[in-house]
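Undergrad: dropping the sequence and predicted coords here.
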Amino acid sequence: MKLTGRKALLLAIAACVLALAGAARAPAADVSFGVTAGYFQPVGDWAQHRYAPGVDQFSGGIALGADFEWRVIRRLGLALNGGYVRLSTGEWEDYAGAQGDAVDASFQMANFGILVKPYLWSRHGRALKLALGVNVFVPDGKETFEGLTYDYDFLKRKLGYILGLEWAYPVGRTVDLALCASYVFAPNAVEYADGLSYTLGGALLT
């Protein structure tokens, strides 16, 4: 069966309901809140400027996030997550400046959804988990040139996915330090008026 965007979203909603039901039954020790900070590196042609060959319109930047996780069974956690990414547009601005044009640009992206976290290994508070998620990604950007501001209308809100690996290590009775490496991608989230489209993707380290 082909998994369309609507079906995937319905599955995500169903998983959220199951997560909330699991949280209602779970002991307090099995519910956790996490905050993340790190770096997002765009991967793929979507980040290159379409009309300036070899120039990145968007390059790496900060990534912030948070999640609520419920460990519903011994080796499975479900989490509601959200995030924010702000990428650099400095290379494109420098290129335009070298051509005599003053351009001020920006890019930011929000995401929210559900993560499934199978525990591959867990012992004495330490854990190695997968992080598999369905998220809605909302990219947004604009640039100002000669006093006029143009929205990047080729950036589209789309359903996307997160594939990651997380290592958690306890540093206190109620605090863990975690390292997570993920690949994030949203098919057709970059789509130009002439029909050319790209998958918005990137590597995320938090």
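TA: All right, it came through fine.
Undergrad: point out where this structure drops to low pLDDT.
TA: 1-29 (pLDDT under 70).
Undergrad: three-state assignment of the residue of it most remote from its centre?
TA: In the chain, the residue that sits farthest from the middle, by C-alpha atoms, centre = their mean, is Gly100; the gap is 34.9 Å. Using DSSP: H, G, I helix; E, B strand; the rest coil, the secondary structure recorded for Gly100 is coil.
Undergrad: what about it, distance to Ile62?
TA: Distance, Gly100 to Ile62, using C-beta to C-beta, to the nearest Å: 30 Å. Placement of C-beta: from N, CA and C, glycine included.
Undergrad: what of Lys142?
TA: Lys142 is 18 Å from Ile62, by C-beta to C-beta.
Undergrad: show the backbone phi and psi for Val171.
TA: Main-chain torsions, Val171, degrees, to the nearest 10: phi -120, psi 10.
Undergrad: residues near it, how many?
TA: When neighbours are defined as other C-beta atoms under 10 Å, Val171 has 10 of them.
Undergrad: which residues does Ala96 contact?
TA: Ala96 makes contact with 102-103, 145, according to C-beta atoms under 8 Å, 6 or more residues apart in numbering.
Undergrad: again with Ser32
TA: So Ser32 contacts 68-69, 71, 176 (C-beta under 8 Å, 6+ apart).
Undergrad: let's go with 7 Å and repeat that
TA: Under the criterion of C-beta atoms under 7 Å, 6 or more residues apart in numbering, the neighbours of Ser32 are Glu69.
Undergrad: and the one 10 residues further on, by the same measure?
TA: Contacts were defined as C-beta under 7 Å, 6+ apart; by that measure Pro42 touches 58-60, 87, 202.
Undergrad: if we can go back for a sec, for the contacts of Ala96, which ChimeraX command selects only the ones that are buried?
TA: To isolate the buried subset of the contacts of Ala96 in ChimeraX, counting by 16 or more other C-beta atoms under 10 Å, use the following:
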select :103
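Undergrad: turn the contacts of Ala96 into CSV, columns for distance to Val136.
TA: Putting these into CSV (distance: C-beta to C-beta, whole Å) gives the following:
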residue, distance to Val136
Ala102, 35
Val103, 29
Phe145, 30
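Undergrad: which of the contacts of Pro42 tops the neighbour count?
TA: Busiest of the contacts of Pro42 [other C-beta under 10 Å] is Phe58, holding 29 neighbours.
Undergrad: from what I can see that one touches Met109, true?
TA: No - when contacts are counted by C-beta atoms under 7 Å, Phe58 is not listed as touching Met109 (9.7 Å).
Undergrad: helix or strand for Gly141, which one?
TA: Per DSSP states H and E: Gly141 is located in strand 126-145.
Undergrad: keeping just the C-alphas, turn stretch 68-83 into PDB.
TA: Extracted C-alpha coordinates of stretch 68-83, given in PDB (Å, rounded to 0.1, in the frame of the first residue of the first chain):
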ATOM      1  CA  PHE A  68       8.300  14.700  25.800                       C
ATOM      2  CA  GLU A  69       9.000  11.000  25.900                       C
ATOM      3  CA  TRP A  70       6.900   8.200  27.400                       C
ATOM      4  CA  ARG A  71       8.600   4.800  27.900                       C
ATOM      5  CA  VAL A  72       5.400   2.800  27.300                       C
ATOM      6  CA  ILE A  73       7.100  -0.600  27.500                       C
ATOM      7  CA  ARG A  74      10.600  -1.700  28.500                       C
ATOM      8  CA  ARG A  75      12.200  -1.300  25.100                       C
ATOM      9  CA  LEU A  76      10.000   1.300  23.400                       C
ATOM     10  CA  GLY A  77       9.500   5.000  23.900                       C
ATOM     11  CA  LEU A  78       7.100   7.400  22.200                       C
ATOM     12  CA  ALA A  79       7.800  11.100  22.100                       C
ATOM     13  CA  LEU A  80       6.100  14.300  20.900                       C
ATOM     14  CA  ASN A  81       8.800  16.600  19.500                       C
ATOM     15  CA  GLY A  82       9.300  20.000  18.100                       C
ATOM     16  CA  GLY A  83      12.200  21.900  16.700                       C
END
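Undergrad: with that, I have no additional questions.
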